[in-house]
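Enquirer: Attaching a predicted model along with its sequence, questions to come.
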Amino acid sequence: MEIENNDVNVLTFCNISGLSNEDQDMLTRVGELITPAIPALTGRFYEVLQEDPQTAPYLDGRLDVLKKTHIAWMKELFAGDYGEDFIRRQEKIGEVHVRVRVPPLFVAASMSFLRAALPEVVSRNMQDTQVAGKAIASLLRLMDLCQYLIDRAYNHSLMDNLGINPALLLRLQTIGSKTK
């Protein structure tokens, strides 16, 4: 996949996961079939979050704004532009989650919910099962990239709080692997 920045880690992620320009094209093609179902999926998603005693307090007084933001994010998954601006928006989501102290568990569980629910939405809204299968694979690869980018904010925050420079951490990891 052509990434408009020089982030070696993102390029490596895309290479290993198989996220490619074909995925970008596929998601753009199926987007108009899927986006009408996004508000209902978002409604279900927030119902689940409201039912959980640990996540419900994070929604108090913010539900309408969060739903609107979530719908916009989900529609963006089908917009076909996954370059530098897209990457930065995913990182910003992570930074906001860290700032408002949403535990990483909630992000991982939420992404797991979406990884299970979105394939059903794709399958229900597409007649051609072969194309639907390819679209689901593309969507899951993109969602994995989103989670990686969001999770990086938690990792950066942890390193900042511990006073660890990323270059130092990499060096320590390299030294540790040589001694084994």
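Expert: The structure has been received and is ready for your questions.
Enquirer: could you pull out the helices for this structure?
Expert: Taking DSSP state H as the criterion, the chain carries its helices at 8-17, 21-34, 38-51, 63-76, 84-99, 104-125, 129-162, 166-178.
Enquirer: Just put those helices in JSON lines and tack on mean pLDDT, distance to Pro57 and mean neighbour count.
Expert: (C-beta placed from N, C-alpha, C; glycine too.) As requested, these are exported to JSON lines (pLDDT from 0 to 100; distance: least, Cβ to Cβ, whole Å; neighbours: other Cβ atoms under 10 Å):
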{"stretch": "helix 8-17", "mean pLDDT": "91", "distance to Pro57": "33", "mean neighbour count": "14"}
{"stretch": "helix 21-34", "mean pLDDT": "92", "distance to Pro57": "31", "mean neighbour count": "17"}
{"stretch": "helix 38-51", "mean pLDDT": "96", "distance to Pro57": "10", "mean neighbour count": "15"}
{"stretch": "helix 63-76", "mean pLDDT": "96", "distance to Pro57": "12", "mean neighbour count": "14"}
{"stretch": "helix 84-99", "mean pLDDT": "91", "distance to Pro57": "15", "mean neighbour count": "17"}
{"stretch": "helix 104-125", "mean pLDDT": "93", "distance to Pro57": "11", "mean neighbour count": "16"}
{"stretch": "helix 129-162", "mean pLDDT": "86", "distance to Pro57": "19", "mean neighbour count": "17"}
{"stretch": "helix 166-178", "mean pLDDT": "63", "distance to Pro57": "32", "mean neighbour count": "10"}
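Enquirer: quick one: contacts for the closest residue to Asp23 other than its chain neighbours?
Expert: What sits nearest to Asp23 in space, not counting adjacent residues and going by Cβ to Cβ, 6 or more residues apart in numbering, is Ser138, at 3.7 Å. Listed by Cβ atoms under 8 Å, 6 or more residues apart in numbering, the contact set of Ser138 reads Leu19, Glu22, Asp23, Gln24, Met26, Leu27.
Enquirer: Great, nothing more from me.
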